[in-house]
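>>> from the sequence below, what's the structure:
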Amino acid sequence: MPERDFDVDGDGAVSAEDVAAAEKLAEIERQDRRQQAQRRMAWVAIWSMIVFTLVLFSPMVSDSRVAALADLLGLFYIAQAGVVGAFMGMTAWMNRK
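Have a look, this model is predicted:
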């Protein structure tokens, strides 16, 4: 980081408090980016389950093909629900801290 980024109070001098405040701000921004990425993963998992279910119930997919892929489909739903459940559980746990 350039030195001017550490001068958070704008007095022209970088003090230990300025450095600590800038580092804390950088940590908060990093955590925010991580939380946004996790939120996007959960939404993609939810929407993939919805879209996948709609495709399976459409006339484009035959019953025999669904029966042949039944084991794989079960794993897909379990994996996607695991992503969503982990996100919700970690969010609840983090908010409790």
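
>>> what ranges does the chain have for its helices?
Using DSSP state H, the helices assigned to the chain run over residues 3-6, 16-57, 63-68, 70-96.

>>> reformat the ones you listed as a markdown table; add mean neighbour count and mean pLDDT.
Every residue, glycine included, has its C-beta placed from N, CA and C. Compiled in a markdown table, the helices of the chain are given as follows (neighbours: other CB atoms under 10 Å; pLDDT from 0 to 100):
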| stretch | mean neighbour count | mean pLDDT |
| --- | --- | --- |
| helix 3-6 | 12 | 59 |
| helix 16-57 | 12 | 91 |
| helix 63-68 | 10 | 91 |
| helix 70-96 | 12 | 93 |
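
>>> for residue 24, give its distance to residue 18.
From residue 24 over to residue 18 the distance is 11 Å, taken as CB to CB, to the nearest Å.

>>> same check, this time on residue 45
As for residue 45, its distance to residue 18 is 41 Å (criterion: CB to CB).

>>> do the same with residue 90
Remark: distance between residue 90 and residue 18 (CB to CB) = 33 Å.

>>> before we move on, what about residue 75?
When CB to CB is applied, the distance between residue 75 and residue 18 equals 52 Å.

>>> what's the closest non-adjacent residue to residue 38?
residue 87 (5.6 Å; CB to CB, 6 or more residues apart in numbering).

>>> touching, the one you found and residue 42? I think so.
Yes: under the contact definition of CB atoms under 8 Å, residue 87 touches residue 42, with a separation of 3.9 Å.

>>> understood, closing this out.
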